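J.: sharing a sequence plus its predicted fold:
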Amino acid sequence: MEKKNEILTNLLSAIQECSDWFEANGLLLNLTKTSAINFHLSKRSENIENDITIGDNSKIAITSEVKFLGIILDESLSWIPHITELIKRLSSASYAINLLKGTCSKSTCAIRRLQGIL
């Protein structure tokens, strides 16, 4: 429990420092788009179950995964959620290509491929 309190104290301090920096530079921290994630490598890590309350009762959600710059990160730093999402997207693209493959002849496809290269 003591370690959990230390983690929360450090987290709140870091959030406050970020918030102060944003304010000093004319920026705002958008708490509706902000989330926290507790990265760990083992099952025995300290869990933070509740949202984090900062300042004027604003809350930051604790999530088990987050999308950052197009990559889905999860709390155990595995690639499983990201790969699962990629499989869905690639499956849709593959289906679309399969539907379209019969709509042009080989010569038309070859010309379009050359046009794409040039």
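T.: It's in. Every value quoted in this text rests on a predicted model; they were computed, and no experiment measured them.

J.: and the next element down the chain from the longest helix seen in the chain?
T.: Looking across the chain with DSSP state H, the single longest helix is helix 2-24. Remark: after helix 2-24, the chain's next helix or strand is strand 35-37, criterion DSSP states H and E.

J.: so what does that next one touch, helix or strand wise?
T.: strand 58-63, strand 65-68 (3 or more Cβ pairs under 8 Å, 6 or more residues apart in numbering; DSSP states H and E). C-beta: built from backbone N, CA, C; applies to glycine.

J.: on that earlier part again, starting at the chain centroid, how far to the longest helix of the chain?
T.: Taking Cα atoms, centre = their mean, to the nearest Å, one finds the center of helix 2-24 at 21 Å from the center of the full chain.

J.: stretch 104-111 now?
T.: The answer for stretch 104-111 is 39 Å, by Cα atoms, centre = their mean.

J.: flag every buried residue along that stretch.
T.: Going by neighbour count (16 or more other Cβ atoms under 10 Å), nothing in stretch 104-111 comes out as buried.

J.: with just CA atoms, put it into PDB.
T.: Provided in PDB are the C-alpha atoms of stretch 104-111 (Å, rounded to 0.1, in the frame of the first residue of the first chain):
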ATOM      1  CA  CYS A 104      -9.800  -4.700 -64.300                       C
ATOM      2  CA  SER A 105      -7.800  -6.700 -66.800                       C
ATOM      3  CA  LYS A 106      -4.200  -7.600 -66.300                       C
ATOM      4  CA  SER A 107      -3.000  -5.000 -68.800                       C
ATOM      5  CA  THR A 108      -5.000  -2.300 -67.100                       C
ATOM      6  CA  CYS A 109      -3.600  -3.200 -63.700                       C
ATOM      7  CA  ALA A 110      -0.100  -3.300 -65.200                       C
ATOM      8  CA  ILE A 111      -0.600   0.200 -66.700                       C
END
